[in-house]
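In: With the sequence up front, the predicted model follows.
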Amino acid sequence: MGRKHIGVLGAGAIGQLIFSQLSAHILTHHLSHSFRVDLVSRQAQPQSISFTDLMGNPHSQTLSLLDIKSEQLANIDVVIVCVKAYQVHPLVLSILNKVKPDCHIILLHNGMGPHLAVAKLLQDFPQMGLTLATTSQGALRISPWHVKHTGEGKTSFGHFCGAPLDEAIQKCITNAIPNSCWLSDIQTALWLKLIINCAINPLTAYYQCPNGQLIDDAYQDEIKAVISECVLVASADGINLDEKECCRSVLTVCQLTANNISSMWQDIQSNRQTEIEFISGFIVNRAKHHGIVTPANQLNLDRISALYQMGNA
Ligand SMILES: NC(=O)C1=CN([C@@H]2O[C@H](COP(=O)(O)OP(=O)(O)OC[C@H]3O[C@@H](n4cnc5c(N)ncnc54)[C@H](OP(=O)(O)O)[C@@H]3O)[C@@H](O)[C@H]2O)C=CC1
Ligand SMILES: CC(C)(CO)C(=O)C(=O)O
C-alpha cells in the first residue's frame, strides 16, 4: 500500500481537533511512512497550531497546511469535512474536480441533510465513496490557530454510499480519535444526535441558558413535544428509536454538558448563521414529506430564524 493522504477540510474548532488527534497518532506510532495528514484551510497559513488538551496541557503541532485552492488536493485519498452543515454542499462541490477520482469523503457535522445533496453530487463520480460521522467531543476555538479540547465524547463513523473507505485508513482514524468506532448502522446514531440537537440547541438559544438549565421541570413539556415529533418522523424515515430512551439521552447530555453554551446560542450571541435549517428544519421538511405535523419543531425553527434576522437587521 502506498502512503495514504488524509485531508482535514475546515480549520475550525473540530477540524483543528481532528487534525491534532490524527497527527499526534501518526507521529507517536511512527506511521508517517504509511499516512500523511494535512489541514486544508482557506485562511492565511501559520507554521504551527496550538492545542490545549482535556487536562489543560498545551501542545504545539507543526502544521502541514494546504490552501483549499492548492493543486496538491489532487494527492488526497480521503477528506474529512469538518465545517458547519450549511457550508458542506458548496465546499464539497468546489473540491470534487480537484481531488483524486477515487477520493473518499467523510462528513462530520451536526444536523442532517447535506449528505443527501452530496450523495447526489457523487453520482457523477462513481469511484468515490461517502462516509458519515458524528461526534460528541467538544472543541473551542480560543484564537484562529488555538483550539481547546473541552469535552471527551464518542465519535462514530459509518458507510453511506459508493465505494467503502480503505480499511487501513479506517483503522488509522479510529485509532487516532479517542472513543471512536465504525458502525454498520450510522443512520441511527445520526438521528439520535439530531434529536439531541433539536431538543437542546434551539431552546438554549431562545431562553438564553446553558444546557444544564433545561433539566428544570419548566422545560420538560417543550422538550418532550420536540422529541416525540422527531421520533415519529424518524420512524416514517425507517429509523426506529425509543422515545423514552431519547428523553433519557437528552437529559444525560444536559447533565454532562451542564455548563456548556450550546453552539446555537453561541452563534446567536455572535450574530452568526445557525445550523437550525439542518436541525429543526430537517425534521420539519421530512415531516412535510410524510404528511406529519411538527408544531414544536416548527416553533423552534421560527424562533431561531427570527432571532437571527433580528440580530442582523
Ligand atoms: N465545536 C464543537 O465542539 C462541536 C462542533 N460540532 C459540529 O461540527 C461542525 C463544525 O463545527 P466547528 O468546528 O465548531 O465550526 P467552525 O466554524 O469553528 O469551523 C468551520 C471551519 O470551516 C471553515 N470553512 C467553511 N467553509 C469553508 C470552505 N469553503 N473552504 C475552507 N474552509 C471552510 C471555516 O473557515 P473560516 O474560519 O474561514 O470561516 C471554519 O474554519 C458543525 O456542524 C458543528 O455543529 C459537533 C460537535 C462539537
Ligand atoms: C450536544 C450539544 C448540545 C452540546 O452543547 C451540541 O452538540 C451543540 O452545542 O451543538
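Out: Nice, thanks for sending it over. Residues are numbered from 1 along each chain as shown. Ligands and ions are numbered 1, 2, ... in the order given.
In: contacting residues around the residue nearest to Ala287 when sequence neighbours are not counted?
Out: Of all residues not flanking Ala287 in the chain, Thr294 sits nearest, at 4.2 Å (Cβ to Cβ, 6 or more residues apart in numbering). The C-beta positions use only the backbone N, C-alpha and C, and glycine is treated the same way. Thr294 is in contact with 229, 232-233, 283-284, 287, counting by Cβ atoms under 8 Å, 6 or more residues apart in numbering.
In: what does Thr52 give?
Out: Each residue near Thr52 by Cβ under 8 Å, 6+ apart is listed here: 58-59, 142, 146-149.
In: Drop anything exposed from the residues you listed.
Out: By neighbour count, with 16 or more other Cβ atoms under 10 Å, those hold 147-149 as buried.
In: ok, Ile195 to ligand 1 distance?
Out: Separation of Ile195 from ligand 1 (Cβ to the nearest ligand atom, to the nearest Å): 15 Å.
In: Look up the closest residue to that residue, ignoring the ones flanking it.
Out: Nearest to Ile195 is Cys230, by Cβ to Cβ, 6+ apart, at 4.5 Å.
In: for Lys98, same thing?
Out: Distance criterion Cβ to Cβ, 6+ apart; nearest residue to Lys98, sequence neighbours excluded, is Leu73 at 4.4 Å.
In: Quick check, the one you found in contact with Ser94.
Out: No: judged on Cβ atoms under 8 Å, Leu73 makes no contact with Ser94 at a distance of 10.0 Å.
In: Between the two, tell me which one has more neighbours.
Out: Set Leu73 next to Ser94 and count neighbours by other Cβ atoms under 10 Å: Leu73 wins out with 22 against 11.
In: Per-residue pLDDT of that one, please?
Out: The predicted structure scores Leu73 at 92 on the pLDDT scale.
In: Thought Lys4 was touching His33, still the case?
Out: No: between His33 and Lys4 there is no contact under Cβ under 8 Å: 10.6 Å.
In: Between the two, point out the one with more neighbours.
Out: The residue with more neighbours, out of His33 and Lys4, is Lys4; 17 against 8, by other Cβ under 10 Å.
In: got the buried residues for stretch 22-40?
Out: In terms of neighbour count (16+ other Cβ under 10 Å), stretch 22-40 has its buried residues at 22-26, 31, 35-40.
In: and what of stretch 245-253?
Out: 246-247, 249-250, 253.
In: In the stretch 101-250 of the chain, what residue comes closest to ligand 2?
Out: Nearest residue of the stretch 101-250 of the chain to ligand 2 (Cβ to the nearest ligand atom) works out as Ile200 at 4.1 Å.
In: per-residue confidence for that residue?
Out: pLDDT recorded at Ile200 is 98.
In: Can you classify it by secondary structure?
Out: Under DSSP: H, G, I helix; E, B strand; the rest coil, the three-state class of Ile200 is helix.
In: doesn't Pro210 make contact with it?
Out: No: using Cβ under 8 Å, Ile200 is not in contact with Pro210; the gap is 10.2 Å.
In: Between those two, point out the one with more neighbours.
Out: Ranked by neighbour count (other Cβ under 10 Å), Ile200 and Pro210 place Ile200 first, with 25 against 15.
In: Against Ala218, how distant is that one?
Out: Look at Ile200 and Ala218: by Cβ to Cβ, to the nearest Å, they are 15 Å apart.
In: now do Asn211
Out: In terms of Cβ to Cβ, Asn211 sits 15 Å off from Ala218.
In: do the same with Ile279
Out: Noted for Ile279: a distance of 22 Å to Ala218, by Cβ to Cβ.
In: Contact residues of the stretch 151-300 of the chain facing ligand 1?
Out: Residues of the stretch 151-300 of the chain that fall close to ligand 1, judged by Cβ under 6 Å from any ligand atom: 263, 275.
In: Can you name the residue of this structure that approaches ligand 1 most closely?
Out: In the chain, the residue that lies nearest ligand 1 is Gly12 (1.7 Å; Cβ to the nearest ligand atom).
In: Just give me the neighbour total for that residue.
Out: 17.
In: isn't it right next to Arg141, touching?
Out: Yes: contact status for Gly12 versus Arg141: in contact at 6.2 Å, counting by Cβ under 8 Å.
In: Give me the pLDDT value at Phe312.
Out: Quick fix: residue 312 is Asn, not Phe. At Asn312, pLDDT is 83.
In: Correction: the previous question concerned Met1.
Out: pLDDT, Met1: 68.
In: now Gln47
Out: pLDDT, Gln47: 74.
In: can you give me phi and psi for the closest residue to it other than its chain neighbours?
Out: Among residues not flanking Gln47 along the chain, Leu63 sits closest, at 6.2 Å (Cβ to Cβ, 6+ apart). For Leu63, the backbone dihedrals are phi -100, psi 130 (criterion: degrees, to the nearest 10).
In: same check, this time on Asn97
Out: Residue torsions, per degrees, to the nearest 10, at Asn97 are phi -90, psi 0.
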